[in-house]
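S.K.: Fold the following for me, if possible:
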Amino acid sequence: MLSETTDSPTSPLQEDEDVVISHPAAEPQPGLNGNTVRWYDADRTEPYTRIAPFQERHDTSVEFFYKPITLTALTIGLAALAYIAMTQDVLEEGRDKRRIGAYAALVSFLMFSMIQFRDGPFVRPHPAFWRVVLGVNLLYELALVFLLFQDLDSARSMMALLDPSLGVPLPERSYADNCAVTVDNIWNAIDIFCLAHALGWFGKAMVLRDYWFCWILSIAFELAEYSLQHQIPNFAECWWDHWVLDVLVCNWLGTYLGMKTCQYLEVKPYEWRGLRQTRGLRSKARRVLSQFSPHDWTAFKWEGTASFYHYTTVVLLLAVFLAAELNPFYLKSLLWLEPDHPFVILRLAGVFLCALPAVRELYQYVNDPKKVKRMGQHCWLLLATILTELLVITKWSRGVFEEPLPRHVRWAWTVGGILLLLYPAMGFGFPSARRYLRKYNRKRKAKTA
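M.R.: Numbering: from 1, shown residues only. Below you'll find the predicted structure:
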């Protein structure tokens, strides 16, 4: 009876098998039904037009932090604005309210950034934190665009409105007055900026995650100081201050500690248990602190000599980093800012926070082109910010830095540029040309045979 039921053409099992065999799954086709969709006739309600965020995975150990609270945040924000703007116990009548109005506008913009911007590559401590970082970067870029259309005197006056102590010319200090190698001179050269050097290179190592890259950048920055000391007197240092105190001590120490931290985070065992699954007060406290550590870690292998594309990426990234290092020196010199002014420190800290997700996005954009089709938002905006800083400095430097580059500096940078172009030509251009000629000759012989 079982065989008769199985062989029967009207049995349900046979009908199910025929359905499966006669209707195979269709292969996905590009566009809509195999037709190319143009931007002006695309239906934005269709799912194929959805732009997926860079980071689609969440930190599942704290899933309750990912519940949408956009309306709740809007209600709380409007209530706070209404209370501050409409009650006299916060704002006294007759007082200048322009400053607090500007602060409220900035906070409102950052709140919108936190709620509505796309996620970046990081999920710890929360994607909303990195959305705020992106919002801060955007505000700084907009401020630079505004300053780009101002003259230098107007910009100095505006800085004095933010801080009344500004707007006063500052004396430029040179560190190359007495270069004798004595204990007193070396001791006098050690100051708080040595610690700043070490901390800065610790941050650069965390951003770049590559020993060679950090060493090349460190040497390139010292060479840039040699080249530009005729414009910025602070760049004039003794030889032992350049190469011993800066490169071999401060920069090396910061790079070493930064790379050791990267190596630890690379091999560290990660646990993604939530706070509710953790038992004990000490374990819960440790879990709360781990929320401010990376969710996972990716080691960078830039491989600048692997291909012409990677070589170009590494050289351009080196140039952008070098510009980001030099820009604050020019800005503080033009705007009469002390090196330890809060504006200078905030700029350095902000660029560091923006560079963390930006370089991560650039690395994935370069090394995973099949998955990443466009440059990430953090990387794009930070690149625009550094280039806008260069435009502002170039405009304001007219009439301030009139002394041209010394001849030996021009020759040195010309030779360096030729070497940068000669290496890819010898390493990638000529081998590719030889392979092309061999392939062409083989095809030619095959036709004549």
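
S.K.: Please count neighbours and contacts with C-alpha atoms only from this point.
M.R.: Fine.

S.K.: Residue 121 against residue 363, yeah?
M.R.: No. Using C-alpha atoms under 8 Å, residue 121 makes no contact with residue 363, being 11.0 Å away.

S.K.: Just the helices from the stretch 101-250 of the chain, written as ranges.
M.R.: In the stretch 101-250 of the chain, the helices defined using DSSP state H, counting those that start in this stretch lie at 127-148, 152-162, 183-189, 192-208, 211-228, 239-240.

S.K.: Quote the end-to-end distance of stretch 123-130.
M.R.: 8 Å (C-alpha to C-alpha, to the nearest Å).

S.K.: Just the pLDDT for residue 50.
M.R.: On pLDDT, residue 50 comes in at 44.

S.K.: do residue 335 as well
M.R.: At residue 335, pLDDT is 95.

S.K.: My read is that it contacts residue 156, right?
M.R.: Yes. Residue 335 is within contact range of residue 156, at 5.6 Å (criterion: C-alpha under 8 Å).

S.K.: Give me the common contacts of the two.
M.R.: Shared contacts of residue 335 and residue 156 (C-alpha atoms under 8 Å, 6 or more residues apart in numbering): residue 167.

S.K.: Counting neighbours, go ahead and name the busier of the two.
M.R.: With neighbours defined as other C-alpha atoms under 10 Å, residue 335 and residue 156 compare such that residue 335 has more, 22 against 18.

S.K.: so how far is residue 251 from the more buried one?
M.R.: In this structure, residue 335 and residue 251 are 27 Å apart, going by C-alpha to C-alpha.

S.K.: now residue 431
M.R.: Here residue 431 is placed at a distance of 37 Å from residue 251 (C-alpha to C-alpha).

S.K.: ditto for residue 174
M.R.: Counting by C-alpha to C-alpha - residue 174 and residue 251 are separated by 21 Å.

S.K.: Neighbour count: the two, which is higher?
M.R.: Remark: of residue 174 and residue 251, residue 251 carries more neighbours, 27 against 15, as counted by other C-alpha under 10 Å.

S.K.: Helices of the stretch 251-400 of the chain, start to end?
M.R.: 252-267, 281-290, 308-334, 342-367, 377-396.

S.K.: Among those helices, which comes closest to residue 131?
M.R.: Checking the helices of the stretch 251-400 of the chain against residue 131 by C-alpha to C-alpha gives helix 377-396 as the closest, at 9.3 Å.

S.K.: For residue 167, list the residues it contacts.
M.R.: 156-157, 159-160, 335-336.

S.K.: which residues does residue 415 contact?
M.R.: Residue 415 makes contact with no residue under the criterion C-alpha under 8 Å, 6+ apart.

S.K.: Could you check which helix or strand contains it?
M.R.: helix 407-424 (DSSP states H and E).

S.K.: The next helix or strand after that helix vs helix 407-424, what angle?
M.R.: Note on helix 407-424: by DSSP H and E, the next helix or strand toward the C-terminus is helix 430-448. Counting by axes from the mean of the first three to the mean of the last three C-alpha atoms, to 10 degrees, helix 430-448 lies at 30 degrees to helix 407-424.

S.K.: Which strands or helices does helix 430-448 pack on?
M.R.: Counting contacts by 3 or more C-alpha pairs under 8 Å, 6 or more residues apart in numbering; DSSP states H and E, helix 430-448 is packed against no other helix or strand.
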